[in-house]
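K.L.:
Quick one, fold the following:
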Amino acid sequence: MQLPRKNLTVPAGAGIWCQDIGQTLLERVAYDPASGQLLSGSFMDFAMLRADDLPTFTTAFNPVVSDDHAVRGIGEGPTTGAPPAVVNAVLDALSGHGVHAIDMPLTPERVWRRSQDAHSAAVVGMSWHPARS
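P.N.:
Coordinates of the predicted model:
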């Protein structure tokens, strides 16, 4: 089975992954606590992922027979998988430092602060015993 218009489908898949990785790492939705007004409603209000922020990767598809009409979608598939995959990768990398939860977006500052907070909590929780001679 061939993908219809592979020249359009492959870049669309890659673009969706990039958009969702960007959402996971950089996009913060902020509301005014008093009025509920959206404060981050334009591209001027949050960082946007660029091509040089990502590693090189390959997009591959596993075609599946769907029905007699050969209808297939490319739209929102990665939106459900990319954010949890990125968050889990970061948590896996930080688990040795005592970080077991973190909120999106995973900005460098947020990851660093969470790591520092976990380290501080671990140091406070330690009991120090002088060496016995």
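
K.L.:
Please list all residues in contact with the spatially most central residue of the chain.
P.N.:
What sits nearest the mean C-alpha location of the chain, by Cα atoms, centre = their mean, is residue 24, with 2.9 Å. Going by Cβ atoms under 8 Å, 6 or more residues apart in numbering, residue 24 touches 82-83, 86-87, 104-106. The C-beta positions use only the backbone N, C-alpha and C, and glycine is treated the same way.

K.L.:
pLDDT score for it?
P.N.:
On the pLDDT scale, residue 24 is placed at 89.

K.L.:
ditto for residue 10
P.N.:
As predicted, residue 10 sits at a pLDDT of 73.

K.L.:
got the contact list for the closest residue to residue 45 other than its chain neighbours?
P.N.:
Closest residue to residue 45 apart from its sequence neighbours, by Cβ to Cβ, 6 or more residues apart in numbering: residue 39 at 6.9 Å. Shown in contact with residue 39 (Cβ under 8 Å, 6+ apart): 30-32, 45.

K.L.:
how about the helix or strand bottoming out on mean pLDDT in the chain as PDB, C-alpha atoms only?
P.N.:
Ranked by mean pLDDT, DSSP states H and E, the weakest helix or strand in the chain is helix 6-25, scoring a mean of 79. Taking Å, rounded to 0.1, in the frame of the first residue of the first chain, the C-alpha atoms of helix 6-25 are listed here in PDB:
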ATOM      1  CA  LYS A   6       3.900  11.000  -0.100                       C
ATOM      2  CA  ASN A   7       5.600  14.200  -1.100                       C
ATOM      3  CA  LEU A   8       3.000  16.000   1.100                       C
ATOM      4  CA  THR A   9       2.400  13.400   3.800                       C
ATOM      5  CA  VAL A  10       6.000  13.000   5.000                       C
ATOM      6  CA  PRO A  11       6.700  16.700   5.500                       C
ATOM      7  CA  ALA A  12       3.300  17.100   7.200                       C
ATOM      8  CA  GLY A  13       4.100  14.400   9.700                       C
ATOM      9  CA  ALA A  14       7.500  15.900  10.500                       C
ATOM     10  CA  GLY A  15       5.900  19.300  10.900                       C
ATOM     11  CA  ILE A  16       3.300  18.000  13.300                       C
ATOM     12  CA  TRP A  17       6.000  16.400  15.400                       C
ATOM     13  CA  CYS A  18       8.000  19.600  15.500                       C
ATOM     14  CA  GLN A  19       5.000  21.700  16.400                       C
ATOM     15  CA  ASP A  20       4.100  19.400  19.300                       C
ATOM     16  CA  ILE A  21       7.700  19.200  20.600                       C
ATOM     17  CA  GLY A  22       7.700  23.000  20.500                       C
ATOM     18  CA  GLN A  23       4.500  23.100  22.500                       C
ATOM     19  CA  THR A  24       5.900  20.800  25.100                       C
ATOM     20  CA  LEU A  25       9.200  22.700  25.500                       C
END
